[in-house]
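Engineer: Make a model of this:
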Amino acid sequence: MCYNHSDEVKTMNMQEVLEQSRGRMGTWCKSCPVCNGRACTNHIPGPGAKGTGTVAIRNYEGWQDVFVNVDTIQDTNAVSTTFELFGKTFKYPIFAGPVGAVDMHYSDLYTDATYNDALVEGARKAGIAAFTGDGMDDRIMEAATATIQAQDGIGVPTIKPWPLDIVKAKMELAKQSGAFAVAMDVDAAGLPFLKAFNPPAGRKGVEELKAIRAMCPVPFIIKGIMSVEGARKALEAGADAIVVSNHGGRVQDGTPSTASVLPKIAQAVQGKMKIFVDGGIRTGVDVFKALALGADGVLVARPFVNAVYGAGAQGAQTLVEKLGSELADTMQMCGATDLASIQASMVETPAAK
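Structural biologist: Model (predicted):
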């Protein structure tokens with residue numbers, strides 16, 4: 001099932017998109033004005049976090065504990081949010097994160113296939129790219145990679161940490177799609193359905209990741225890094241980029257916020273691979289904070305679900321433009337002219353206060 005939004009959203013703003021999504025999201029997601037994890041807490045199925053449900057909340061609050069330093073004594077008002085990645089140029093350093101099983105966690109208004117259709121199209125039209133999810137049903141990856149192929153490879157298929165023979169088959173689909181990069185969310189090892197998979201799916205050693213990297217003809221991104229040691233292992237395995245992520249709090253209770261671990265990971269990596277971060281990033285101000293703390297770009301996941309359920313591909317575009325305009329405004333107010341000029345001195349962290 002997929003709702004037809006074709007003629008209803010041409011001039012909608014993000015508030016209107018959210019209002020329209022309410023009632024379409026299923027039992028647990030309320031399309032809250034701020035997606036901070038408090039309404040959905042630990043409801044799984046649903047968009048909640050594992051265990052106590054506090055990690056998603058901690059992710060969101062981690063960015064609120066970082067403050068930006070305003071400095072408007074500058075020579076020019078011009079700012080550029082243009083982002084270069086793996087030979088592609090994007091309008092913003094913002095990507096839509098992978099979300100799977102939307103019909104189970106939200107509502108059957110969309111399947112994974114129809115959700116990815118809207119997400120990948122909307123993201124590309126807005127000048128960014130979307131990561132797509134994976135699942136037990138082979139048709140999910142088949143449909144996602146077909147969608148990415150239809151969008152000229154502007155998308156990142158994300159493969160779960162399956163056994164190598166399954167990874168190989170899914171990597172072939174990724175190759176056929178012409179995707180400009182491929183990801184693996186190793187943090188998905190904590191998902192119950194992967195633990196029950198036969199043969200078992202889950203943790204990946206460095207040598208196994210090297211073998212997976214060798215299968216991939218395009219840049220390879222490892223998602224789910226939460227420590228300096230994890231980043232070093234990803235680099236040793238040959239990753240071209242990492243995503244600092246605790247899977248939105250959905251795979252392990254008691255973990256720190258992504259904002260709190262990002263600076264030390266960035267310091268350890270020293271530019272040897274690209275660094276992305278997700279988890280609780282909800283505004284362009286948060287994006288600015290992430291870049292100042294050492295990220296090259298960010299992933300945003302849950303808000304894109306609300307956007308697509310509210311207004312399809314146009315909803316995704318509306319969210320991108322909101323985030324991008326907030327980022328540009330913050331850059332202008334804090335003295336940055338382009339992404340490279342965003343510095344750690346432009347923010348204050350809890351340790352600095």
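Engineer: from here on, contacts and neighbour counts on C-alpha atoms
Structural biologist: Fine.
Engineer: ok, which stretches of the chain are strands?
Structural biologist: 67-68, 83-85, 88-90, 94-96, 131-132, 156-159, 182-185, 220-225, 241-244, 274-277, 297-300, 347-348 (DSSP state E).
Engineer: for the ones you listed, which one sits closest to A146?
Structural biologist: Counting by Cα to Cα, A146 lies closest to strand 156-159 out of those; the figure is 10.2 Å.
Engineer: That closest one - contacts with which helices or strands?
Structural biologist: strand 131-132, helix 138-150, helix 164-177, strand 182-185 (3 or more Cα pairs under 8 Å, 6 or more residues apart in numbering; DSSP states H and E).
Engineer: Check which helices and strands the longest helix along the chain sits against.
Structural biologist: Assignment by DSSP state H gives helix 302-334 as the longest helix of the chain. On a contact count with 3+ Cα pairs under 8 Å, 6+ apart, helix 302-334 meets helix 14-21, strand 94-96, helix 112-125, helix 284-292.
Engineer: who wins for proximity to N36 among the ones you listed?
Structural biologist: N36 lies closest to helix 284-292 among the helices and strands packed on helix 302-334, at 12.9 Å (Cα to Cα).
Engineer: Give me the contacts around the closest one.
Structural biologist: Applying Cα atoms under 8 Å, 6 or more residues apart in numbering, the set of residues contacting helix 284-292 from outside is 63-64, 66-68, 94, 259, 277, 281, 297-298, 322-328, 330-331, 339, 342-347.
Engineer: before we move on, the earlier item: of the helices and strands packed on helix 302-334, which approaches F304 most closely?
Structural biologist: It is, among the helices and strands packed on helix 302-334 and with distance given as Cα to Cα, strand 94-96, at 6.8 Å.
Engineer: Summarise which helices and strands the closest one is packed against.
Structural biologist: helix 112-125, strand 297-300, helix 302-334.
Engineer: Pipe the ones you listed into a markdown table and attach distance to T54 and mean pLDDT per row.
Structural biologist: Output for the helices and strands packed on strand 94-96, formatted as a markdown table (distance: least, Cα to Cα, whole Å; pLDDT from 0 to 100):
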| stretch | distance to T54 | mean pLDDT |
| --- | --- | --- |
| helix 112-125 | 26 | 97 |
| strand 297-300 | 18 | 98 |
| helix 302-334 | 16 | 98 |
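Engineer: Could you dump those into CSV and include distance to S80?
Structural biologist: Formatted as CSV, those follow (distance: least, Cα to Cα, whole Å):
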stretch, distance to S80
helix 112-125, 18
strand 297-300, 14
helix 302-334, 7
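Engineer: what stretches of the chain score poorly on pLDDT?
Structural biologist: For the chain, residues meeting the criterion pLDDT under 70 lie at 1-10, 351-353.
Engineer: circling back: now the helices and strands packed on strand 94-96 in a markdown table, please, with extra columns for mean neighbour count and distance to I140.
Structural biologist: Supplementary listing: these in a markdown table, determined by neighbours: other Cα atoms under 10 Å; distance: least, Cα to Cα, whole Å:
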| stretch | mean neighbour count | distance to I140 |
| --- | --- | --- |
| helix 112-125 | 24 | 6 |
| strand 297-300 | 24 | 20 |
| helix 302-334 | 24 | 17 |
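Engineer: hmm, back to that, dump the helices and strands packed on helix 302-334 to CSV, plus distance to M104.
Structural biologist: Converted to CSV, the helices and strands packed on helix 302-334 look like this (distance: least, Cα to Cα, whole Å):
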stretch, distance to M104
helix 14-21, 16
strand 94-96, 20
helix 112-125, 10
helix 284-292, 29
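Engineer: Of all those, which one comes closest to T52?
Structural biologist: helix 284-292 (24.6 Å).
Engineer: Alpha carbons of the closest one, in PDB - could you do that?
Structural biologist: Below are the C-alpha coordinates for helix 284-292, written out as PDB (Å, rounded to 0.1, in the frame of the first residue of the first chain):
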ATOM      1  CA  GLY A 284      20.600  22.300  10.600                       C
ATOM      2  CA  VAL A 285      22.000  23.800  13.800                       C
ATOM      3  CA  ASP A 286      22.700  20.200  14.900                       C
ATOM      4  CA  VAL A 287      24.400  19.500  11.600                       C
ATOM      5  CA  PHE A 288      26.600  22.500  12.100                       C
ATOM      6  CA  LYS A 289      27.600  21.200  15.600                       C
ATOM      7  CA  ALA A 290      28.400  17.800  14.100                       C
ATOM      8  CA  LEU A 291      30.700  19.300  11.500                       C
ATOM      9  CA  ALA A 292      32.400  21.500  14.100                       C
END
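Engineer: what angle do that helix and helix 302-334 make?
Structural biologist: 70 degrees (axes from the mean of the first three to the mean of the last three Cα atoms, to 10 degrees).
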